[in-house]
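Enquirer: Sequence and predicted model, in that order:
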Amino acid sequence: MKLQQLSLFLENKPGHLLRVCQKLAAAGINVETMALADTEEFGILRILVKNPEEAAAILSQDSGPIMKMTDVLAVRVPHQPGGLARLLQILGDGQINVEYMYGFNHVAQEDAVIVLRLDKPDLALNLLADNNIQVFGPDELFNHN
């Protein structure tokens, strides 16, 4: 199952990341994971939240940052040597390009979760299912109880 990720383009200045976090906190929205990549003048903040539409509406208030939603996959990967290599081998064999990725440890799992932006996500879903690799949906990823 594909997840929607928010990508925010932030000016690389003190306080811009803080304002995003404060707005989400004030709305009671928890960030499951995030990745920040920067250039000299701007950064791209990528976040996964339980309700991306609600988060986008809140963040776009008051001339908020430029933002877009993209489809990503959150894939369970064994947290051991070679775990990520196996996943990348399957994608490579399927001629699927990884545009970017980031990882985190999932509270309810001992394994890692790798978030992937892929050029062919639908094909990837089929390949991963054929290879018994778990792709998290929102219920598995965002419910920790």
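Expert: Received the coordinates, thanks.
Enquirer: C-alpha from now on. contacts and neighbour counts both.
Expert: Will do.
Enquirer: List the buried residues for stretch 56-76?
Expert: A56, I58, L59, G64, P65, M67, M69, V72, L73, A74, V75, R76 (16 or more other C-alpha atoms under 10 Å).
Enquirer: Please identify which two of those are farthest apart in space.
Expert: G64 and R76 (32.9 Å; C-alpha to C-alpha).
Enquirer: circling back: can you put the buried residues of stretch 56-76 in CSV and add distance to Y102, secondary structure and pLDDT?
Expert: As requested, the buried residues of stretch 56-76 are arranged in CSV below (distance: C-alpha to C-alpha, whole Å; DSSP: H, G, I helix; E, B strand; the rest coil; pLDDT from 0 to 100):
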residue, distance to Y102, secondary structure, pLDDT
A56, 21, helix, 95
I58, 25, helix, 94
L59, 22, helix, 93
G64, 25, coil, 72
P65, 22, coil, 80
M67, 19, strand, 92
M69, 16, strand, 95
V72, 11, strand, 97
L73, 11, strand, 96
A74, 10, strand, 94
V75, 11, strand, 94
R76, 12, strand, 91
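Enquirer: Contacts for stretch 28-43 next, please.
Expert: For stretch 28-43, contacts defined as C-alpha atoms under 8 Å, 6 or more residues apart in numbering pick out 9-13, 24, 44-51, 55, 102, 104, 142.
Enquirer: So which of the buried residues of stretch 56-76 is the closest to L88?
Expert: Checking the buried residues of stretch 56-76 against L88 by C-alpha to C-alpha gives V75 as the nearest, at 11.3 Å.
Enquirer: who touches the residue lying closest to the closest one once chain neighbours are set aside in this structure?
Expert: Closest residue to V75 apart from its sequence neighbours, by C-alpha to C-alpha, 6 or more residues apart in numbering: V135 at 4.4 Å. Contact analysis of V135 by C-alpha under 8 Å, 6+ apart lists M1, L73, A74, V75, R76, L125, L128.
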